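Asks: Based on what follows, work out the 3D shape:
(one chain, ligands or ions: 1)
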Amino acid sequence: MSGSDEAVLSLEDVEVHFESNGGGLFGLFSEAETVRAVDGVSLDISSNQVVALVGESGCGKTTLGKTAIGLQEPTGGSVKYRGQDIREAREGRGDVTIPYDEIRRALQIIHQDPGSSLNPNTKVMAVLETPLKRWQTDLSREDRRARILGMLERVGMSPPQDYAGRYPHQLSGGEKQRVALVRALLMNPDVILADEAISALDVSLRIEMMDLFLELQDEFGTSFLAISHDLSNANYLAEKADGLIGVMYLGKLVEIGPAKRIIHDPKHPYTKALRWATPDLHPEEAATEMPMRKIDIPDPKNPPSGCRFHTRCPEVIAPDDVDIAQETFIEVMTYREQLADGEIDPEEVWAEVDPEAGTEAFVAHLFDALFETSLSGANRATVRESFEALAEEDHDHARAVLRERFESVCETTIPEPRETADDHPVACHLYDEGAAFDAPDRTAGDAAADD
Ligand SMILES: Nc1ncnc2c1ncn2[C@@H]1O[C@H](COP(=O)(O)OP(=O)(O)OP(=O)(O)O)[C@@H](O)[C@H]1O
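Replies: I've put the predicted structure just below:
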């Protein structure tokens, strides 16, 4: 079911930055570093809506989810529950219209490992009675127990009396997860954050569990914020519920839209890479080359400038006034990144060439080693000048001359989310004003036409 227009949760420009020491002995002698776990995310969750967040490990999904339900304090921006700023409610500041206790009840979480949130010494009935005693003080003991048994039955734990009398260690992983779901639902929540709630379960159980989440989500009119590193699971949940998939990359929400559009017509190059990495979502397509330049995720303590994905993006944009095939531009960018990372040692290059042959041999060796496509004209002259500077160990000039000609908007400017033609926001310069919405396939460059 799709959400209504009213936003239950509203996140505006949310930032969560963690300060950590640089890892030195007891934190001494090391500079503090900032992990930009979430960096300027805006997101609305409507009532009865399912939103699935996906992205690689460490991209900030859990931090964003916890911040959305008030379990993590944002270091910037605001999180509102039905218009009430959660932090102001907690601190009793301003004109509080919804008390903090009420917000805590309305926003619930189910963890990946439900065992860790269930007291091992408490039987299921007692675990489930606790929230009801607190929030439904008018219920008699009998009514409370009847309700719990009804819910256990509803989530497939039958006979419920048997399960109610068990300790957590007497339950399977799937059963613990059902107890966690019942506990959350007994609070009559508006939003449940399900953080990798099915990833620890056997594959055979996952679909059953997701179906149960969806049935109850619809029945109870609860919104679900589901976190998953698996695009396939995110799609299963979001598509069935007519919900949204949000794609995160290094603390940013780079694309969000209806599940069908994200899967069948991804816009952001990172979303395309995630989809490529999930072949069961596009079985009709033959195996293609990975649409990403590097496997390694950059360090969130030192994220790339501009668009954070530009160091891995196969569609990174060449300056308007530089006529170059995309494949060749990628090779130039890769060389620039190797230079910046100190991966090219002139001494090692000299060791490979005949020193008698001089700089010309040094330059020819690097052209051979770094470029498969052909470079000509001003592009070739610029790269040559950089190689020559490197031959003289002048790294600064080697970098500067390349930056001057080839600097991309993707590395200088953070892309703002923009609605694409089919109505889902994407933060990528390919969709900047003036750029075609149906961005050209820039991965297919004509090496011969590079100048
Ligand atoms: N309390 C904390 N202190 C310092 N850094 C943190 C803290 N919590 C998270 N981080 C860092 O913030 C970044 C985002 O972490 P987060 O757990 O939100 O990512 P995630 O996408 O949920 O990853 P995963 O899928 O692996 O759980 C990571 O680099 C993580 O190391």
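Asks: So what touches stretch 375-383?
Replies: 322-324, 328, 332, 335, 367, 371, 401-402, 404-406, 450-451 (CB atoms under 8 Å, 6 or more residues apart in numbering). C-beta coordinates here come from the backbone N, C-alpha and C atoms, glycine included.
Asks: ditto for stretch 91-104
Replies: Contact with stretch 91-104 is made by 70, 81-90, as judged by CB under 8 Å, 6+ apart.
Asks: one more time with 10 Å
Replies: Outside stretch 91-104, the residues that touch it by CB atoms under 10 Å, 6 or more residues apart in numbering are 69-71, 79-90, 105-106, 134-135, 187, 189-190.
Asks: Take the contacts of stretch 375-383 and, keeping just the buried ones, write it as a PyMOL select command.
Replies: PyMOL command restricting the contacts of stretch 375-383 to the buried ones, with burial defined by 16 or more other CB atoms under 10 Å:
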select buried, resi 322+324+328+332+335+371+401+402+405+406+450+451
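Asks: Closest to residue 12 out of the contacts of stretch 375-383?
Replies: residue 406 (35.8 Å; CB to CB).
Asks: mind checking which helix or strand the closest residue to the closest one other than its chain neighbours is in?
Replies: The shortest distance from residue 406 to any non-neighbouring residue, by CB to CB, 6 or more residues apart in numbering, is to residue 332 (5.4 Å). Using DSSP states H and E, residue 332 sits within helix 326-340.
Asks: Packing partners of that helix?
Replies: Applying 3 or more CB pairs under 10 Å, 6 or more residues apart in numbering; DSSP states H and E, we find helix 326-340 packed against helix 359-370, helix 377-391, helix 395-406, helix 409-412.
Asks: any chance of these in TSV, plus distance to the ligand and mean pLDDT?
Replies: What follows is the helices and strands packed on helix 326-340, written out as TSV (distance: least, CB to the nearest ligand atom, whole Å; pLDDT from 0 to 100):
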stretch	distance to the ligand	mean pLDDT
helix 359-370	31	96
helix 377-391	33	97
helix 395-406	28	97
helix 409-412	22	97
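Asks: Any chance of a markdown table for these, columns distance to residue 257?
Replies: Compiled in a markdown table, the helices and strands packed on helix 326-340 are given as follows (distance: least, CB to CB, whole Å):
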| stretch | distance to residue 257 |
| --- | --- |
| helix 359-370 | 38 |
| helix 377-391 | 37 |
| helix 395-406 | 32 |
| helix 409-412 | 21 |
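Asks: Nearest to residue 196, out of those?
Replies: Going by CB to CB, the one of the helices and strands packed on helix 326-340 nearest residue 196 is helix 409-412, 30.7 Å.
Asks: residues making contact with the following helix or strand past the closest one?
Replies: Downstream of helix 409-412, the first helix or strand assigned by DSSP H and E is strand 418-419. Applying CB under 10 Å, 6+ apart, the external contacts of strand 418-419 come out as 257, 267, 425-433, 435, 437.
Asks: at 7 Å instead, please
Replies: Strand 418-419 is contacted by residues 425-426, 431 when judged by CB atoms under 7 Å, 6 or more residues apart in numbering.
Asks: Tell me the strands beside it, with direction?
Replies: The pairing partners recorded for strand 418-419 under DSSP bridges are strand 425-426 (antiparallel).
Asks: what is the rounded mean pLDDT of the partner strand?
Replies: Averaged over strand 425-426, pLDDT sits at 94.
Asks: SS state for the closest residue to the ligand within the stretch 301-450 of the chain?
Replies: Nearest residue of the stretch 301-450 of the chain to the ligand: residue 301, at 7.7 Å (CB to the nearest ligand atom). With DSSP: H, G, I helix; E, B strand; the rest coil as the basis, the three-state label of residue 301 is coil.
Asks: Contact residues of the stretch 151-300 of the chain facing the ligand?
Replies: With the criterion set to CB under 6 Å from any ligand atom, the stretch 151-300 of the chain comes near the ligand through 229, 300.
Asks: The ligand contacts on the stretch 1-150 of the chain?
Replies: So the stretch 1-150 of the chain meets the ligand at 18, 20, 35, 37, 55, 57-63 (CB under 6 Å from any ligand atom).
Asks: Return a ChimeraX selection command for the buried portion of those residues.
Replies: Those of those that count as buried under 16+ other CB under 10 Å are selected in ChimeraX with:
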select :35,37,55,58,59,60,61,62,63
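Asks: hmm, which two among the residues of the stretch 1-150 of the chain next to the ligand are most spread apart?
Replies: Farthest apart among those by CB to CB are 20 and 55. That separation is 20.7 Å.
Asks: residue boundaries of the strands in the stretch 51-200 of the chain?
Replies: For the stretch 51-200 of the chain, the strands defined by DSSP state E, counting those that start in this stretch occupy 76-81, 84-85, 107-110, 191-195.
Asks: Highest mean neighbour count out of those?
Replies: Per residue and on average, the most neighbours among the strands of the stretch 51-200 of the chain fall to strand 191-195, with a mean of 24 (mean count of other CB atoms under 10 Å).
Asks: Name the residues that touch it?
Replies: Contact with strand 191-195 is made by 8-9, 45, 62, 65, 68-69, 106-112, 184, 213, 222-227, as judged by CB under 7 Å, 6+ apart.
Asks: No more questions from me, cheers.
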